[in-house]
Structures are given as structure tokens and as C-alpha cells.
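Enquirer: Dropping the sequence and predicted coords here.
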Amino acid sequence: MTMKPWFLGVSALGAMSMGFFTKDIRPVVNPAIKQVGLHAHDTHAATSLLGQFRTSLSASLFLRADLYLHNGVEMRPLSDAEVKAGKQGVGGSSAEKIKLHDDSKIITVIPPSSHDFRGLLGNVERSITTYKNMTGHTHQTPTQTLPLFRLMTILDPQFVQGWTTGGFILLWDQKPGCLEKSIAFLQEGLRNNPKSIDILTQIAYCHLKVLPKANKLTRDYRAALTYIVAAREIGKDNFDILTEQELDALKQNYWRMVICFREINDYKQMLRAAREGAAMYPDDAVLARHVVEAERLCAGKFTEVTPVIISEPTDSDL
Amino acid sequence: MKILTYKALARSVVLESIRRKDLWVVAILGFLIILASSALGFFGFDGLQVFAKDLAVTVLGLFSTIIAILTSCRLIPDEIKNRTLYPLLARPITRLDLLVGKLIGAVVVTWISFLVLSALTAVALMVFQVKFETIMLQYMILKMIGLVLVCSVSLALSTYLTPSAGATMSFIFAFGCPMFVRALTMGYESAGPISKPIFPVINALLPQFSLFDMGARAVYPNWSPIPVWIIGFMLGYAVLYSSAMVGLGWLKFRKQAV
């Protein structure tokens, strides 16, 4: 029995037309949610390998960003043995206002000649590679690392730190339109990681940050609250399975939520948020102070309010 | 005349490489470089120069090392397997001459591949408005000297091992040695007084591939070119180490039954 040509044509057309609907079908059959339990890469060898490759590649790109900041000079953290032996890191420049990472515990990968047993070969390496004395060093502008963040998030859309740090760096130079770009980037990250507290917290940060050079002179508390409240709901529902990084982000989220409610004069919500946060983080002094402050404001007592300080994201460490 | 012998042997390696269409692989790899660079245009070119250069030297270093190893590792085993070694050894050449000639041929093939890849990479970099600087030339010269070292190590290993085992070991050496040397420098200070003297010995025995890679210096801005004496020193090191490797290969090959 031979296959009729028209049947082949109809089949091909049918397959093509089905292809047009894959965009709509995907969210149904493969929703972008954080799964509880085993992932595909935990159960299928090939998927696992590919997943590991993507994760490794995006992680190595993330590390490469550090090289860009140090203009190619490779740095490494001090080992536990070195810290115990009293070895000091190179330290950063005091002239830099925003600290990109903790420089007190990092040193150059290639040791200085006084600590190098290789003699002439060591000197040759120091001449050939990007080596210099990094004591009290400064950093390059992080904006040149942006292509890396774009690449690592394309490779591994579930790499939340890539989205949040990339979103943070997009605001760095405060160029016109940077806020819109940062929010659009983070929204893309949120579409891939709809349950990510870090990304929601970072979007809220964008709305709260004052960017004088980009002509954003006010903090948009109401816009920020949309994301802060969403992050709170996710945090409450998944508190027991949150990672250390997510727990930090959630705590920061509560600090901001309290301040946002206070700034829009919703003291009841402020008190509720502060108590809720304090119950989750009983050791946190900031939230404890906010509870007292909120109680006084609710009671109509004048209180000296804590200043609005929007701390830099904790996960921006490069 | 040894030079004529080496020239003839090297020529045969190059012709064999062309016959085997190895250079097509280089062309395909080069095409991939161009394709990848055009894909990067997605990010816009502003501020992408460092990233483009970084990618270019990484790809160049990786592909040229792969070509060097794969070319060098199969030369002697292929001659034995195809029984083409008999007519070669029937001529008035020694086995050492054969090894030297083959090494020169492998180096020439690797250099041609490297230069083709470099030219294609330069085209890709031009898209990103990256200017060709003196330091890039130094990078290329030093890399080409380093490829001699890679070829000699691979050739020596291929006389002791099967082609695939030799290639595998060569890859381990080429990509593992820089990491191992780094680990040695990191671990030296915390090592005990008894083990400390071993560190310089191990370091001296290992091929110092990383000293031929000044890619980082070429990539990142505001780094000056290196003094010429360093290139001269590294050339001397490569010649000495490669001679030792050929000698090591010859020790095995001179008594090998074919």
C-alpha cells in the first residue's frame, strides 16, 4: 500500500499548525513552577547531564564576572587553614561607596614573589598573566559584566542569582531607561521562576531605589508593595523549604514591607507585617524595633521613626 | 642534509593532514566562531569588547590545543598501523630524525590551523570593533611557541601509549597541568617541612603550559605588552622541554619492533 501524497501534505500541514499552539500548550503541560520533590534532572540521566552542564556553565560565567571586576586579576577566597593561620585578605579600596563583595578574605590566585616557591618561573607567570598587587584595590564598573549575566540566564533560566545580580547591575550607572530595563529583565526572570522570593524582592528594590542620575527621585512604595506582598505569600507557604539565601531575602522583604506600609500611613498593616516578621525571625533586632515603632504609631503616639534605608541586595556579591 | 630530511617528513605530515581533511575541521570551527560572534550581537556591541576578546582567546586556546594533540598523537601509531614506516626506515634516516621530522610537521599543521582560526577570530572581533594591538601579536607568538610544547608532549606520549590513550593523557596534561601547578603554589605554604622540597621538583617536571598563555593580558584593558626577553626565555624553555620530550619518545621508539 503506497502512501498518498495528499496524506503526507495534510500531515505536514497538521504538524505545522500544531506547532503554532505550542506556546499556549507549554504553560499547561510544563508550567514554570518550583517543584517539590525530584526534578527531571534528578531522575533522568541525559537530562541530568544537560542540566549539570548548563548549571556549571552559568556558574562559571558567574565566577567570570568576578574576573571582569578585577580587570582579569584572578582572586580566591582564603582557605580555612589560612584564616586560622592569621593570613589577611587584600582588602578593598575605602574610596568605593558600594561594596561589591567582601574583600577582606580574598587574595590573588598567583601568589606574590615573596610567597612563591617557583622563583624565575613564578616571576615569568606574574609578567605574562594579569597579576598585580591588589592590596586596597578598586573595581572596574560592573556594567561590563552584563553580557555575562544575559548569557548565563539564557543558558540556565532557573539561575536566580543571575537574574537578581544582573537586575541590580543594570541600575549601576543610572543611565536613562535603566530602571525599565532592570524591571523588564527581572520580570523575565520571574516568568521563569514564578516562586522566586529573591527576584520579587529585587523588583521591589528597583521601585524603592532612588536614582538621581536616572531622574528617579522618589520611592514608589505602592508599586514595591505589590511584589513584597507576593514574596511574603510565597515565603509563608514555603518557609520550611526555603534556602538560606531565600530566607535572607525574605527577611529583607519584611524590613521593606514594614517601611512601605509606614510610608503610606497604613500602620495596622505595618504592625501586622512587623509582628509576622518578628515571629519568623525572632533574633532579628530590626524587626523587633519595628514592632515597637508600629505599636506606638497604631496607638497614635508620636514616635521617632527609623529612617528609610533601602539596603543593597545581599545576593549581589560577585 | 638533515634539514632536507626534516622538510620532507614535515611536508608528508602536512599533505597527510590535507588528505585527511583535517583543515576542514578547522574551517568548520572557524565558521562556528563567526556564527557565535554574530549571535552575540543580540546583546548589542556596546561594552561587549572585553567579553568578545575573552571568548575569542578561550576558543582559540581550546581549539588549537585540541588540533595540536589530535594531530601529534596519531603520527607514529598511524605509520606503524599502515605499515608505511617500513619504506620510511629503509631510507637513510634514523628513528630520531623521524620523530623530529614528524614533530616539525605536526607543529606546522597546528600553526597553520592556529593562524586560520586566528584570522577568522580577527574577522569576528572586527565586528565588535576590537582593534588589533601589539599585545595580541605577543599572545599569538607565545601561543604558537606553547603549541610546540603541546605537540612534543603528545608525540612522546603516543610512543608509549595507544593513540586514544595518548590523546587522553595529552588532554589531561594540557588542561590539568595549569590547575595542578596552581594547586602546588597554593598548597606550598601550608605544607610540612618534609614535603616542601618535593614541590619545586614536581613543578620542574611538569610542562608549564600556562606560561604560554597571555590571553588574559590581551583581553583585559590597560595591561602593557610583556618584555621581549620573556618571549625569548619561553622560547628557550619550549626548545629544551620539547627536546627532552623527543628524547623520551626516542628512548621507547628506538627499540620498538615495527
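Expert: On my side now, so go ahead.
Enquirer: any idea how far the residue sitting nearest the centre point of chain A lies from residue A:228?
Expert: The residue lying closest to the centre of chain A (Cα atoms, centre = their mean) is residue A:164, at 2.9 Å. Distance from residue A:164 to residue A:228, counting by Cβ to Cβ, to the nearest Å: 15 Å. Using the backbone N, CA and C atoms, a C-beta is placed for each residue, glycine as well.
Enquirer: What about residue A:68, how many residues nearby?
Expert: Counted with other Cβ atoms under 10 Å in any protein chain shown, the neighbours of residue A:68 add up to 24.
Enquirer: for the chain, which spans come out with low pLDDT?
Expert: In the absence of a named chain, chain A is used. A:1-3, A:22-23, A:26-28, A:30-49, A:93-102, A:302-318 (pLDDT under 70).
Enquirer: Oops, wrong one, chain B.
Expert: Counting by pLDDT under 70, chain B contains low-confidence residues at B:1, B:37, B:39-48, B:258.
Enquirer: how about a cut-off of 50?
Expert: Low-confidence segments of chain B, defined by pLDDT under 50, are absent; every residue clears the threshold.
Enquirer: how about the residues of it near chain A?
Expert: For chain B, the residues in contact with chain A (Cβ under 8 Å from any Cβ of the partner chain) are B:40, B:43, B:47-48, B:50-51, B:54, B:142, B:182, B:185-186, B:188-190, B:196, B:199-200, B:203, B:208, B:210-211, B:213-214, B:216-217, B:219-223, B:226-227, B:230, B:233-234.
Enquirer: Return the residues in contact with the closest residue in space to residue A:239 that isn't next to it in sequence.
Expert: Across the structure, with Cβ to Cβ, 6 or more residues apart in numbering or on different chains as the measure, the residue nearest residue A:239 apart from its sequence neighbours is residue A:280 (6.8 Å). Residue A:280 makes contacts with A:235, A:239, A:250-251, A:254, as judged by Cβ atoms under 8 Å, 6 or more residues apart in numbering or on different chains.
Enquirer: Buried among the residues of chain B next to chain A? Make that a PyMOL selection.
Expert: PyMOL command restricting these to the buried ones, with burial defined by 16 or more other Cβ atoms under 10 Å in any protein chain shown:
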select buried, chain B and resi 40+43+48+50+51+54+142+182+185+186+188+199+203+208+210+211+213+214+216+217+219+220+223+226+230+233+234
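Enquirer: where exactly do the helices run in the stretch 101-250 of chain A?
Expert: Ranges of helices in the stretch 101-250 of chain A, per DSSP state H, counting those that start in this stretch, are A:120-128, A:146-155, A:160-170, A:178-192, A:197-208, A:221-237, A:244-263.
Enquirer: Any idea how many residues pack against residue B:162?
Expert: When neighbours are defined as other Cβ under 10 Å, residue B:162 has 11 of them.
Enquirer: thought it was touching residue B:78?
Expert: No - contact status for residue B:162 versus residue B:78: not in contact, 11.7 Å apart, counting by Cβ atoms under 8 Å.
Enquirer: Could you report the neighbour count for the residue in the stretch 51-200 of chain A positioned nearest to chain B?
Expert: Each residue of the stretch 51-200 of chain A has a distance to chain B, by Cβ to the nearest Cβ, and the smallest belongs to residue A:72, at 3.5 Å. Using other Cβ under 10 Å, the number of residues around residue A:72 comes to 23.
Enquirer: With residue A:19 instead?
Expert: Summarising burial for residue A:19: neighbours were counted as other Cβ under 10 Å, giving 9.
Enquirer: Tell me which residues touch residue 148, please.
Expert: No chain specified, so I'll use chain A. A:61-62, A:64-65, A:68, B:51.
Enquirer: wrong one, I was asking about chain B
Expert: B:107, B:238-239, B:242 are the contacts of residue B:148 under Cβ under 8 Å, 6+ apart.
Enquirer: These: which two are farthest apart?
Expert: B:107 and B:239 (11.8 Å; Cβ to Cβ).
Enquirer: Looking only at neighbour counts, state which of those two leads.
Expert: Shown here are residue B:107 and residue B:239; by other Cβ under 10 Å, residue B:107 has more neighbours (25 against 14).
Enquirer: just checking, what packs against the helix or strand that residue B:236 is a member of?
Expert: Element membership of residue B:236, judged by DSSP states H and E, is helix B:228-253. When contacts are defined as 3 or more Cβ pairs under 8 Å, 6 or more residues apart in numbering or on different chains; DSSP states H and E, helix B:228-253 packs onto helix A:120-128, helix B:95-127, helix B:134-160.
Enquirer: Pipe those into CSV and attach distance to residue B:7 per row.
Expert: As requested, the helices and strands packed on helix B:228-253 are exported to CSV (distance: least, Cβ to Cβ, whole Å):
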stretch, distance to residue B:7
helix A:120-128, 32
helix B:95-127, 8
helix B:134-160, 17
